[in-house]
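*Asks:* what's the 3D shape of this:
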Amino acid sequence: MFKNGWLLILFSSFISGQIRITEIMYDLDGSDSPNEFVEIFNLSPSDTVDLSGWQIRDRYSADALLDSGYGLIIPPEAYGLIFEGDYNFNNGIYADSIPLGVVLIKVDDSSIGNGLSTSDSLFLISSSGVVQD
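*Replies:* Okay, the predicted model is just below:
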């Protein structure tokens, strides 16, 4: 009985995080830069998440998340897109296909981590240093 109770506690704490990585766009046809992105989603039905001080990293490099003029607050049950720092929101390849209400975020340099690929890991880290996903 204790073993089952312990598993339940572990499962509860595992699913309590609010922000999840839901899509990674990498290795595009043609030039990857500046068109790679990471989509995130706030799972909470009621709480906003402030990404101030957060990082996205792979095994080799970390990047700060920056307000690109759209804020760093992800509303409940809403999406955010994390782009490379040199992506142009006005005339980039996704400019006409990003839905209204999506929070647009950039990293502090021209690549997410050291570049996105299937041979690396990706971590979203809160301002307190906790891996969220």
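*Asks:* Now do the contacts for the residue nearest to residue 50 when sequence neighbours are not counted.
*Replies:* Excluding the flanking residues, the one nearest residue 50 by CB to CB, 6 or more residues apart in numbering is residue 73, at 5.4 Å. Every C-beta, even on glycine, is put in place using the N, C-alpha and C of the backbone. Each residue near residue 73 by CB atoms under 8 Å, 6 or more residues apart in numbering is listed here: 48-51, 103.
*Asks:* can you list those in TSV and add distance to residue 58 and pLDDT?
*Replies:* Compiled in TSV, the contacts of residue 73 are given as follows (distance: CB to CB, whole Å; pLDDT from 0 to 100):
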residue	distance to residue 58	pLDDT
48	27	95
49	21	96
50	23	96
51	18	97
103	22	96
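*Asks:* most surrounded residue in those?
*Replies:* Comparing those on neighbour count, residue 51 comes out first with 26 neighbours (neighbours: other CB atoms under 10 Å).
*Asks:* got the contact list for it?
*Replies:* With CB under 8 Å, 6+ apart, residue 51 has these contacts: 19, 65, 72-74, 80, 105.
*Asks:* can you tell me which of those residues are in strands?
*Replies:* Judged by DSSP state E, the contacts of residue 51 include 19, 65, 73-74, 80, 105 as members of strands.
*Asks:* okay if I get the contacts of residue 73 as TSV plus secondary structure?
*Replies:* Output for the contacts of residue 73, formatted as TSV (DSSP: H, G, I helix; E, B strand; the rest coil):
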residue	secondary structure
48	coil
49	strand
50	strand
51	coil
103	strand
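*Asks:* Point to the residue nearest the middle of the protein.
*Replies:* residue 40 (4.4 Å; CA atoms, centre = their mean).
*Asks:* for the contacts of residue 73, which one is nearest residue 116?
*Replies:* residue 51 (18.7 Å; CB to CB).
*Asks:* Where does pLDDT dip in the protein?
*Replies:* Counting by pLDDT under 70, the ranges of the chain that qualify are 1-17.
*Asks:* Could you give the bridge partners of residue 55?
*Replies:* Per DSSP bridges, the residues bridged to residue 55 are residue 64, residue 125.
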